Each structure stands twice: as C-alpha cells, then as structure tokens.
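> compute the structure for the input listed below.
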Amino acid sequence: MSQADRTMEQADPLAACLAPSPHVEADHPGIRDLAAGVTEGLSDARERAVALYYAVRDGFRYDPYTIEMSGRCFKASEVFEAGAGFCIGKATLLAAVSRAAGIPARLRFADVRNHLTSPRLRAMMGTDEFVYHGYTELWVEQRWRKCTPAFNRSLCDKAGIHALEFDGIEDSVFHPIDRSGRQHMEYLRDRGSYVDVPVEDIFRVWAEVYPGMSGWAGQARSGDFEREATAPEPTREPEDNRRD
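Coordinates of the predicted model:
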C-alpha cells in the first residue's frame, strides 16, 4: 500500500474507499449513470454489489490487449468507453461503479500463473505469470469481500473455464482447475490492497518481469483474445496412421 493510500485509510478507511480517485473515477457521469441504472430499485447493499459485479463482468469484454505503457489503460473511464479492458481496468471500473452506488470499494492485487493462457499471449509475455493481476474488494455486511470481474461469461463458456460467480458473501477468486479438470489459475503471491491503482509500482515490476513490455504493448492492441482462447486445438492423426 502506498503512503498516500495508507494515510487516507488511517484517517477514515471507508470514506477513502467511497471517494473518487485518479483511476477509480466514481464521479464520471457515465459511470454514475451505469451505477444508478444497475442498482435502481435495490435497497440492500449486498444486492447492489452483486448486480454491479455482473454488470461489469459480462457487460465489458476481457481484453488483455488493451494494456499500454501509460496509466490511461487503468482508468475506469477508459474501460467504460471502450466496452472492454484487462483485469486491472475491469477491477477499477467495478470499484468506481460501486463507490458511485455508495458501496466502499478498493483494489487488490496478486501474482498468478495462468496455465491456460493463449499461446500468442504467452509468447508475447515470455511467461504464463501475470504480475499484478487486479481484482476488487467490496465492503459488504461489515467485511471486505473479494470479487474478480475479469473474465466475461462468453469467454468462459467458449474456453471451457468456470465463470466466477459472486453472491456478496463468499469471496470470488479464480478456480484452480477448468471444467475438464485441467490446471487453470495458480495464485503465487499477494500484492495487497489499494485505494487507487499503484501505477508506478506496477510499471516498475512489469519492466523487470516483462523486458519486452513496450514492444509487446504496441503489438497487442490488434489482438482478439477471446478468439485466440477459444480456437480449437489442431487435430493430429493417430500415430498408427502416420506415414513414415
């Protein structure tokens, strides 16, 4: 946690997680309208949190190729306007609409290994380790609840992985295996909770882990991750049928 975030939380932990911040733009007009529309008629905080989670999970496509070497890709408004974002951007958008709806929200980060990432993305990154994977924590019924809005339902269904559900009570984090029993997501290390995106820390660590990041970000913007992730495996002839 940054010193600025720590100071804010010490002063009033929940107030800091209700206020707009540079990337969690809870005062953005479109984000406020989205929050109001999704939660209309819902008086219970848990119901509002659940409705907002699904609105972001499925209403905004997961796309890791929106990453660029500027803080802009982390802003909730960028995801809102593009209709897509990667894990940090979608987590930031969920935090923003939650704050706009009166639900304290903050960001949580962890390093994960995605054993089922697309071959193209793995080649571009040089690893299947995703450093500073972002998700959201919502203050519901006197406790921080973890929820991960990254992968939209259509991506999960096509790729054969479990869609993450959220009921406002149990934490919603990645499953270790997919629907067919293959190893999927592995949590490696926790990076802590933040009021806003720790951009400088993220870029510093990314530069260490992904030395070709600047070139990768430039190439990535033309990708279609959902198509890559759902492309069928090439069929192979049985060994006995191959010619010498």
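> ranges for the strands of this structure?
Counting by DSSP state E, one finds strands in the chain at the ranges 61-62, 84-85, 105-114, 129-140, 143-147, 185-194.
> the ones you listed: which one's closest to residue 20?
Taking C-beta to C-beta as the measure, those were each checked against residue 20, and strand 105-114 came out nearest at 11.3 Å. C-beta here means a position set from N, CA and C on the backbone, and glycine is covered the same way.
> ok, the residue nearest the centre of the chain to residue 110 distance?
Within the chain, the residue whose C-alpha comes closest to the C-alpha centroid is residue 87; the distance, by C-alpha atoms, centre = their mean, is 2.2 Å. Remark: distance between residue 87 and residue 110 (C-beta to C-beta, to the nearest Å) = 10 Å.
> hey, what's in contact with both of those two?
Between them, residue 87 and residue 110 share the neighbouring residues 133, 135, with contact defined by C-beta atoms under 8 Å, 6 or more residues apart in numbering.
> give me the beta-bridge partners of residue 130?
Per DSSP bridges, the residues bridged to residue 130 are residue 112.
> what residues are up against it?
With contacts taken as C-beta under 8 Å, 6+ apart, residue 130 has the following neighbours: 87, 111, 112, 113, 114, 117.
> adding pLDDT, write the residues you listed out as JSON lines.
Compiled in JSON lines, those are given as follows (pLDDT from 0 to 100):
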{"residue": "87", "pLDDT": "96"}
{"residue": "111", "pLDDT": "97"}
{"residue": "112", "pLDDT": "96"}
{"residue": "113", "pLDDT": "94"}
{"residue": "114", "pLDDT": "90"}
{"residue": "117", "pLDDT": "83"}
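> hey, where'd the helices end up in this structure?
Here the chain has its helices, by DSSP state H, at 3-11, 13-16, 29-39, 45-59, 76-82, 87-100, 119-125, 153-159, 199-209, 213-220, 225-230.
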